[in-house]
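**Student:** Okay, predicted coordinates and the sequence, questions at the end:
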Protein chains: 2
Amino acid sequence: MGVLVVGSVGYDTVWTPMASGKDVRGGSATFSSISASYMTQVSIVAVVGDDFLQNHVGLLQGHGVDTSGLEVSPGKTFRWTGRYGAEDVNSRDTLETQLNVLAEFNPTLTPEQRRQDCLFLANIDPELQLQVLEQMDRRPKLVAADTMNFWIEGKRDALAKVIEAVDIIFMDEDEVRLYAQEPNLVKAARIIHDQGAKAVIAKRGEHGVLLFNQDMAFAAPAFPLDRVVDPTGAGDSFAGGFMGYLAETGDTTPGGFRRAAILGSVMGSFAVESLSVERLGGLAYQDLKGRFDAFVGLTTFNGLGPGESLPWRNKDGKL
Amino acid sequence: MGVLVVGSVGYDTVWTPMASGKDVRGGSATFSSISASYMTQVSIVAVVGDDFLQNHVGLLQGHGVDTSGLEVSPGKTFRWTGRYGAEDVNSRDTLETQLNVLAEFNPTLTPEQRRQDCLFLANIDPELQLQVLEQMDRRPKLVAADTMNFWIEGKRDALAKVIEAVDIIFMDEDEVRLYAQEPNLVKAARIIHDQGAKAVIAKRGEHGVLLFNQDMAFAAPAFPLDRVVDPTGAGDSFAGGFMGYLAETGDTTPGGFRRAAILGSVMGSFAVESLSVERLGGLAYQDLKGRFDAFVGLTTFNGLGPGESLPWRNKDGKL
């Protein structure tokens, strides 16, 4: 059914122990739409400034992304500057966030976009997420949102409305705890579930993700990589892969969600292998399939076969 | 084949957000031997002081643990005091460690112990681990060791000899990085593997474990619990379950290691559900099997069936 993505498109300035770059392509909609684009038709709603380079629009178009909803406004494009730890590449400091044209963004959907069946509200101001949701002709079949601590702390009420309205919410695990004000992750996810989101996906960076819904949990590890160049966009790429799979297959069974979580993890693992979208933007089917199969190898163990039991020294349960 | 366990037996004083206890049963050999005892015959080598309560020996014996190698020395039993974070139950401060009789311990194996085919050197001074290894009549079929940052920092040379000598080394993931002096976990595990340990098991607390050997990695999540009472001994219980499974089945194939990692995770998940060994010490077969099956549910997803492919917008690999 394809997916409509709203989020940020911007330029990142990044230092990691392995690489650095100034004004490289970034933003939640950039990573998530490229990630989803391998599996499904993507259409984006976003804003850039008049300093945004035409060939950077071309990158999205080259992935078949419909950019008719990419508004160009007078002013500067959204910019983010961050630095990752030398000892721990997964810890990061945000040095500067310039909203620029994003500060005045009023997303306007095209008629085609208003009819989309699958909507992904990538990480952006929850008030903008709600504006997009309200413009839909009808409630889409599948709605998901991503968010971050900045909005939990600053726009809690709007975010609560987003959570009430969505099927799936993506948050870092610390953000799940922060939003729910509950240190136990399982209880925190249940609180958010009870507020409306049917599935809560706790992103744990290098430790993978935990997917919670009413009656099950599913754990997907992150792929253990011997070279992590730049973690920026890993979570957005995860969400993009997750949503791309669901949007294309329409498989919202528990099994579909599980495979979506693995494909999200596959995409997240590619995103961190380079600065910006260098690696994520250049995948072939064999890359996708190869890493998907590697996840099978990473996680598979033999459950109990028919009639098989675990070793136990005294089968009546008493030693 | 049973397992010989050397490690600490002591008393813990613990504060967690959910519980606290003074002089509760603790020590690496206590947790790991009880954990292993459900699946295989355990024999321990350890020392306690003359203040150790006879009914605490009885707890081990009640699990069928051979305590003929439990030496009682004049003086006080090993004691550890720690406090876990109110916000993050997985972070802990060690407030006091009293080695007491452990400071002068010279483990002496019984003739039966010297002939054991499976040896687990639980977390204790690596010099004591080496002393035990040297007393074996021949190199056991399977040798594993656990350790911690304290020994990495203080007894690096002895620990290096342990790592050279073992088949399996258990360490927290930060300790893998610390020992290898390499921030990337995959590379760090490879360095330790190249120093002798055939399998490196990086324990990640609430995030589970990663098992590395020459040509594969396996990720086992921790079980998501809505009530974590006391994380003390989780790693020891993990190792005990892992070794108990391998010792009993003798299955050191990659598949055996994977199932061992899941059974270790099962045991670790029980250990944290109560203070000390209250929960771990009272398991029935249905508990073990029920949680093992729950791990199947937590981790299983469908790989690609014959002829099945992942969604891809352009099968020739170019969009």
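**Tutor:** The structure has been received and is ready for your questions.
**Student:** For the residue most central in space within chain A, pull up the helix or strand it's in.
**Tutor:** Nearest to the mean C-alpha position of chain A, by Cα atoms, centre = their mean, lies residue A:239 at 2.5 Å. Applying DSSP states H and E as the criterion places residue A:239 in helix A:234-249.
**Student:** and that helix, is it in reach of chain B?
**Tutor:** Yes: judged by Cβ under 8 Å from any Cβ of the partner chain, helix A:234-249 and chain B are in contact via A:244, A:245, A:248, A:249. Where C-beta positions appear, they are placed from N, C-alpha and C, glycine not excepted.
**Student:** Near residue A:137, how many other residues are there?
**Tutor:** Burial of residue A:137 is recorded as 11 neighbouring residues (other Cβ atoms under 10 Å in any protein chain shown).
**Student:** residues in contact with the residue lying closest to it once chain neighbours are set aside?
**Tutor:** Spatially, and ignoring its direct neighbours in sequence, residue A:137 is nearest to residue A:114 (4.6 Å; Cβ to Cβ, 6 or more residues apart in numbering or on different chains). Contacts for residue A:114 (Cβ atoms under 8 Å, 6 or more residues apart in numbering or on different chains) come out as A:135, A:136, A:137.
**Student:** where do the helices sit along chain A?
**Tutor:** Shown for chain A, the helices assigned by DSSP state H span residues A:28-37, A:54-62, A:111-114, A:126-135, A:149-154, A:156-165, A:173-180, A:185-194, A:234-249, A:254-271, A:285-299.
**Student:** The fourth one vs helix A:156-165, what angle?
**Tutor:** An angle of 40 degrees separates the directions of helix A:126-135 and helix A:156-165 when computed by axes from the mean of the first three to the mean of the last three Cα atoms, to 10 degrees.
**Student:** Flag every buried residue along helix A:126-135.
**Tutor:** A:126, A:128, A:129, A:130, A:131, A:132, A:133 (16 or more other Cβ atoms under 10 Å in any protein chain shown).
**Student:** ok, now the shortest one?
**Tutor:** Of the residues in helix A:111-114, those with enough neighbours to count as buried (16+ other Cβ under 10 Å) are residue A:113.
**Student:** Same check on stretch A:295-312?
**Tutor:** Quick answer for stretch A:295-312 (16+ other Cβ under 10 Å): A:295, A:298, A:299, A:301, A:310, A:311, A:312.
**Student:** for the helix holding residue A:239, packing partners?
**Tutor:** Counting by 3 or more Cβ pairs under 8 Å, 6 or more residues apart in numbering or on different chains; DSSP states H and E, the packing neighbours recorded for helix A:234-249 are strand A:3-6, helix A:28-37, strand A:118-121, strand A:142-146, strand A:168-172, strand A:199-203, helix A:254-271.
**Student:** same thing but at 7 Å, please
**Tutor:** When contacts are defined as 3 or more Cβ pairs under 7 Å, 6 or more residues apart in numbering or on different chains; DSSP states H and E, helix A:234-249 packs onto strand A:3-6, helix A:28-37, strand A:118-121, strand A:142-146, helix A:254-271.
**Student:** hmm, back to that, wait, which of the contacts of residue A:114 is closest to residue A:212?
**Tutor:** Of all the contacts of residue A:114, residue A:136 has the smallest distance to residue A:212: 26.0 Å, by Cβ to Cβ.
**Student:** thinking again about what came up before, could the buried residues of stretch A:295-312 go into TSV alongside distance to chain B and pLDDT?
**Tutor:** Below are these laid out as TSV (distance: Cβ to the nearest Cβ, whole Å; pLDDT from 0 to 100):
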residue	distance to chain B	pLDDT
A:295	8	97
A:298	5	97
A:299	5	97
A:301	4	95
A:310	6	95
A:311	4	95
A:312	5	95
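**Student:** now for those residues, which pair is the farthest apart?
**Tutor:** A:295 and A:312, at 31.5 Å, using Cβ to Cβ across these.
**Student:** per-residue confidence for whichever residue of the stretch 51-200 of chain A sits closest to chain B?
**Tutor:** Taking Cβ to the nearest Cβ, chain B has its nearest neighbour within the stretch 51-200 of chain A at residue A:186, 4.0 Å off. Looking at residue A:186, its pLDDT reads 96.
**Student:** from memory it sits against residue B:222, does it?
**Tutor:** No: assessed by Cβ atoms under 7 Å, residue A:186 is found out of contact with residue B:222, at 11.1 Å.
**Student:** Most neighbours out of the residues of helix A:234-249 next to chain B, which is it?
**Tutor:** Counting by other Cβ under 10 Å, top hit in the residues of helix A:234-249 next to chain B: residue A:244 with 32 neighbours.
**Student:** Tell me how far it lies from residue A:228.
**Tutor:** With distances taken as Cβ to Cβ, to the nearest Å, residue A:244 is found 23 Å from residue A:228.
**Student:** likewise residue A:272?
**Tutor:** On the measure of Cβ to Cβ, residue A:272 and residue A:228 end up 5 Å apart.
**Student:** sorry, back to before: can you tell me which of the helices of chain A is most buried?
**Tutor:** helix A:28-37 (a mean of 31; mean count of other Cβ atoms under 10 Å in any protein chain shown).
**Student:** and the angle for that helix with strand A:142-146?
**Tutor:** Using the same axes, to 10 degrees: helix A:28-37 against strand A:142-146 is 130 degrees.
**Student:** ok, residues contacting helix A:28-37?
**Tutor:** A:3, A:5-9, A:42, A:44, A:46, A:60, A:63-65, A:120, A:122-124, A:146, A:233, A:236-237, A:239-241, A:243-244, A:247, A:267, A:271, A:277, A:280-281 (Cβ atoms under 7 Å, 6 or more residues apart in numbering or on different chains).
**Student:** Next: stretch A:260-272.
**Tutor:** Counting by Cβ under 7 Å, 6+ apart, A:31, A:35, A:208-209, A:211, A:218, A:220, A:222-223, A:225, A:228-231, A:233-234, A:237-242, A:245-246, A:279-280, A:283, A:287-288, A:291-292, A:295, B:301 sit against stretch A:260-272.
**Student:** if we can go back for a sec, show residues contacting the helix holding residue A:239.
**Tutor:** A:1-3, A:28, A:31-36, A:38-40, A:118, A:120, A:122-123, A:142, A:144, A:146, A:170, A:203, A:209, A:252, A:256, A:259-261, A:263-268, A:271-272, A:280, B:311.
**Student:** Stretch A:282-297 now?
**Tutor:** By Cβ under 7 Å, 6+ apart, stretch A:282-297 touches A:38, A:223, A:262-263, A:265-266, A:269-270, B:216, B:303, B:310, B:312, B:315, B:317.
**Student:** Among these, which one lies nearest to residue A:166?
**Tutor:** Of the contacts of stretch A:282-297, the one sitting nearest to residue A:166 (Cβ to Cβ) turns out to be residue A:263, at 19.6 Å.
**Student:** confidence score at the closest one?
**Tutor:** Value for residue A:263, per-residue pLDDT: 98.
**Student:** Show me what from the stretch 101-250 of chain A comes close to chain B.
**Tutor:** A:183-187, A:204, A:207, A:210, A:216-219, A:221, A:224-226, A:228, A:245, A:248-249 (Cβ under 7 Å from any Cβ of the partner chain).
**Student:** picking up where we left off before, mind putting the helices and strands packed on helix A:234-249 into TSV with distance to residue B:79?
**Tutor:** Formatted as TSV, these follow (distance: least, Cβ to Cβ, whole Å):
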stretch	distance to residue B:79
strand A:3-6	57
helix A:28-37	51
strand A:118-121	53
strand A:142-146	47
helix A:254-271	43
